[in-house]
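Visitor: Pasting the sequence and the predicted coordinates here, then a few questions.
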Amino acid sequence: MAILENNLKLDDHYQRRSQFWKARLAEIQQQEAVLRQGGGEKRMARHRSRGKMTARERVDALLDPDSFFLELGLWAAHGMYQEYGGAPAAGVVTGIGLIDGEEVVVVANDATVKAGAWFPMTGKKVLRAQEIAQENRIPIIYLVDSAGVFLPLQDEIFPDKEHFGRAFYNNARLSAAGIFQMAAVMGSCVAGGAYLPIMSDECHIVEGTGSIFLAGPHLVQAAIGEKIAEEDLGGAEVQADISGVVDHRHPDDASCLKKLRSQFAQLARRPKAPFARRPTSPPLFPTEDLYGISPADRSRPYDTRNILARLLDGSDFDEYKATYGETLLCGTGWIDGWAVGIVANQRNIVKKKTGTNSRERELQIGGVIYSEAADKGARFVQLCNQKGIPLIFLQDVTGFMVGSRAERGGIIKDGAKMVNAVANSVVPKITIFIGNSFGAGNYAMCGKAYGARFLFAWPSAAIAVMGASQASKTLLAIELGKRGGEIPEEEKKERLRQIEARFNATTDPCHAASRLWVDAIIDPAETRQVISRSLASTANNPDIPEFKTGVLQT
């Protein structure tokens with residue numbers, strides 16, 4: 001292993017970068033505090049007046065005291081459904097926590113948001129939580145308090161493959177795979193939603209507040225003319241003592257959650273994946289330095305090794321092919337005691353050199369994947385799969401190199417080779433968006449479409465098919481072509497500004513998180529902790545299939 005050098009200068013430029021990103025992080029964290037309020041203080045007060053804990057209070061009581069809860073999907077539905085008053089966090093809390101020291105996925109409906117009704121993004125978020133449980137073989141707990149499908153948007157949540165019903169399909173598949181599911185009915189559980197807890201392996205209900213039925217009192221009266229109170233129709237006593245639909249009933253939320261904890265502590269400990277581990281050690285350089293590495297202008301260069309020096313244990317990095325394909329950094333190290341393979345875009349500019357064959361190398365632009373870098377990345381991914389080492393992708397990529405020289409050099413062939421290796425990788429992949437994520441570079445560096453187990457973004461991330469400047473100029477050129485002539489320069493500048501502003505708004509990490517392209521926006525200084533929890537979660541699945549790739553052009 002080689003100790004990474006610290007060439008980060010803590011000068012005025014560093015201070016300005018650090019202040020810029022700390023301010024942006026503070027803005028994001030302030031918005032997140034609002035999102036965690038769900039439907040707001042008044043609705044939370046009304047919720048508590050009924051003897052119920054809020055969704056987040058339930059999660060806190062369920063998990064090990066003072067343990068780290070990795071919340072996922074907090075930004076889901078942000079900025080959406082405004083005509084209905086919005087749906088903060090899509091009306092459901094999801095994430096990974098610990099019970100008796102073991103990982104568990106938690107899904108908790110937030111009844112302060114439209115009575116916990118399912119919006120389209122609620123469905124997507126719950127399915128993502130189930131996907132995490134399935135891929136990593138982690139038990140899952142559903143804390144149910146939901147009015148069911150949000151009826152005004154029923155056509156966007158009900159009938160399709162990835163809609164509401166897929167959650168119950170996943171219930172059946174998770175149970176068949178031996179992945180334990182526990183449900184607690186702590187509020188309403190109506191219509192199709194009634195299947196989610198009952199298709200879980202074990203089900204609890206809270207007296208007085210929990211109810212479960214296929215049709216509520218109003219629908220029952222409309223359908224068959226029967227008048228009946230909610231508690232008499234499907235309350236705890238009916239469903240536990242008479243129908244036998246649920247397995248346990250409890251007098252209140254606190255006792256229910258206490259019982260869930262005790263039952264989870266009794267689960268058999270399953271074998272873990274054989275990933276290499278050793279005692280952890282901190283990096284040689286402060287993780288707080290990470291705020292001042294990324295430039296405020298995402299087009300500016302910086303040395304990615306300075307980031308690795310603040311993420312890796314002991315700042316040790318065993319670099320692979322250091323002098324080949326230099327716009328991509330590959331190598332192995334340790335994060336919080338976990339062995340990891342690193343694939344990171346190098347953003348500094350590689351200077352023009354003379355090779356051993358006396359031919360000048362091409363001046364290479366940082367953040368661009370060239371043929372040599374793609375070839376190197378593909379082989380390194382293959383090596384990590386051969387060795388059984390999880391992969392960490394650090395994305396700050398503007399795409400693959402373009403132009404006649406790149407095309408004649410076979411950039412498409414080499415890019416396809418890397419994409420093939422990443423797509424077929426069988427070891428866990430965790431992706432951190434630290435800067436740009438443009439075009440096919442997003443795919444090659446394991447974006448959402450390429451099967452990363454977890455994806456996180458720094459406040460400095462930007463995800464799009466191309467940069468805002470290039471996109472706005474392209475769109476403006478198309479618009480001018482349609483108009484068939486020149487327009488005044490001032491009008492051209494204004495149109496360019498409008499297009500670029502609109503494009504920038506959709507590349508922001510909050511936009512990506514609102515659509516679940518990433519699981520969370522994280523504080524750069526907490527990256528090691530987030531990666532460590534993610535790796536611990538992936539280790540719950542001991543099955544690593546044989547690694548194979550498809551047909552590769554050479």
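Guide: Now that the structure is in, tell me what you want to look at.
Visitor: What's the local residue count around residue 108?
Guide: Applying other C-beta atoms under 10 Å, we find 25 other residues in the vicinity of residue 108. Glycine gets a C-beta too; all of them are placed from N, C-alpha and C.
Visitor: wait, it sits on residue 55?
Guide: Yes. Taking contacts as C-beta atoms under 8 Å, residue 108 lies within contact range of residue 55: 4.3 Å.
Visitor: Between the two, which contacts overlap?
Guide: 92, 93, 143, 145 (C-beta atoms under 8 Å, 6 or more residues apart in numbering).
Visitor: Lowest average confidence across helices and strands of the protein, where is it?
Guide: Lowest by mean pLDDT, DSSP states H and E among the helices and strands of the chain is helix 468-483, with a mean of 70.
Visitor: immediately after it, which helix or strand?
Guide: helix 489-507 (DSSP states H and E).
Visitor: in that following helix, what's buried?
Guide: For helix 489-507, the neighbour count (16 or more other C-beta atoms under 10 Å) marks 495, 496, 499, 500, 503, 504, 507 as buried.
Visitor: so which of those comes closest to residue 424?
Guide: Distances from the buried residues of helix 489-507 to residue 424 were compared by C-beta to C-beta; the smallest belongs to residue 507, at 28.8 Å.
Visitor: before we move on, back to that, out of the buried residues of helix 489-507, which comes closest to residue 27?
Guide: Checking these one by one against residue 27 (C-beta to C-beta), the nearest turns out to be residue 504, at 15.3 Å.
Visitor: now the strands for the stretch 151-300 of the chain?
Guide: Using DSSP state E, counting those that start in this stretch, the strands assigned to the stretch 151-300 of the chain run over residues 181-190, 202-206, 211-213, 248-250.
Visitor: and residue 534, which of the ones you listed is closest to it?
Guide: So among the strands of the stretch 151-300 of the chain, strand 181-190 is nearest, using C-beta to C-beta, at 21.3 Å.
Visitor: Give me the mean pLDDT for the closest one.
Guide: Mean pLDDT, taken over the full extent of strand 181-190, equals 94.
Visitor: Check which residues of the lengthiest helix in the chain are buried.
Guide: With DSSP state H setting the assignment, residue counts place helix 12-35 as the longest helix in the chain. For helix 12-35, a neighbour-count test (16+ other C-beta under 10 Å) marks 17, 18, 20, 21, 22, 24, 25, 28, 32 as buried.
Visitor: List the contacts of the first one.
Guide: Taking C-beta under 8 Å, 6+ apart as the definition of contact, the neighbours of residue 17 are 291, 292, 293, 294, 295, 296.
Visitor: Now for those residues, which sits with the most neighbours around it?
Guide: Looking at the contacts of residue 17 with neighbours defined as other C-beta under 10 Å, the largest count falls to residue 294 at 26 neighbours.
Visitor: Can you name the residues that contact the residue nearest to it when sequence neighbours are not counted?
Guide: Counting by C-beta to C-beta, 6 or more residues apart in numbering, residue 294 lies nearest to residue 460, which is 4.4 Å off, once chain neighbours are set aside. With contact taken as C-beta under 8 Å, 6+ apart, residue 460 is in contact with 21, 24, 294, 298, 434, 435, 509, 524.
Visitor: what number of residues lie near the fifth one?
Guide: Read it as residue 434. The burial count assigned to residue 434 is 26, neighbours taken as other C-beta under 10 Å.
Visitor: just checking, it touches residue 294?
Guide: Yes. Taking contacts as C-beta under 8 Å, residue 434 lies within contact range of residue 294: 6.6 Å.
Visitor: shared neighbours of those two, which are they?
Guide: Shared contacts of residue 434 and residue 294 (C-beta under 8 Å, 6+ apart): 396, 458, 460.
Visitor: The first one: what's it in contact with?
Guide: Going back to what we said before, that points to residue 396. Contact criterion C-beta under 8 Å, 6+ apart gives 294, 298, 304, 344, 345, 347, 367, 434, 435, 436, 437 as the residues in contact with residue 396.
Visitor: quick one, phi psi at the nearest residue to it once chain neighbours are set aside?
Guide: By the measure of C-beta to C-beta, 6+ apart, the closest residue to residue 396 outside its immediate chain neighbours is residue 435, 3.1 Å from it. Residue 435 adopts backbone torsions of phi -160, psi -130, taken as degrees, to the nearest 10.
Visitor: can you check residue 343 too?
Guide: Residue 343 has phi and psi values of phi -120, psi 110 when expressed as degrees, to the nearest 10.
Visitor: Check what pLDDT the residue lying closest to it once chain neighbours are set aside gets.
Guide: Distances taken as C-beta to C-beta, 6+ apart put residue 393 closest to residue 343, at 5.0 Å, once the chain neighbours are dropped. Here the pLDDT value assigned to residue 393 is 98.
Visitor: what about residue 393, how many residues close to it?
Guide: Under the neighbour criterion other C-beta under 10 Å, residue 393 is assigned a count of 26.
Visitor: and the nearest residue to residue 213 once chain neighbours are set aside, how far is that from residue 215?
Guide: Nearest-residue entry for residue 213: residue 234, 3.3 Å, with adjacent residues in sequence omitted and distances by C-beta to C-beta, 6+ apart. Residue 234 sits 9 Å away from residue 215, taking C-beta to C-beta, to the nearest Å as the criterion.
Visitor: neighbour count winner among the two?
Guide: Comparing residue 234 with residue 215 by other C-beta under 10 Å, the one with more neighbours is residue 234, at 27 against 17.
Visitor: Spit out the contact partners of the more buried one.
Guide: Applying C-beta under 8 Å, 6+ apart, we find residue 234 in contact with 211, 212, 213.
Visitor: neighbours around the nearest residue to residue 113 once chain neighbours are set aside, how many?
Guide: What sits nearest to residue 113 in space, not counting adjacent residues and going by C-beta to C-beta, 6+ apart, is residue 91, at 3.7 Å. Residue 91 has 31 neighbouring residues, counting by other C-beta under 10 Å.
Visitor: same thing with residue 191?
Guide: Using other C-beta under 10 Å, residue 191 is surrounded by 17 other residues.
Visitor: do residue 218 as well
Guide: Neighbour number of residue 218 under other C-beta under 10 Å is 9.
Visitor: Then residue 300?
Guide: Using other C-beta under 10 Å, residue 300 is surrounded by 13 other residues.
Visitor: just to revisit the earlier point, ok, of the contacts of residue 234, which one's closest to residue 379?
Guide: Using C-beta to C-beta, the shortest approach to residue 379 within the contacts of residue 234 belongs to residue 212, at 54.2 Å.
Visitor: pretty sure that closest one contacts residue 249?
Guide: No. Under the contact definition of C-beta under 8 Å, residue 212 does not touch residue 249, with a separation of 11.3 Å.
Visitor: joint contacts of these two?
Guide: Shared contacts of residue 212 and residue 249, counting by C-beta under 8 Å, 6+ apart, come down to residue 205.
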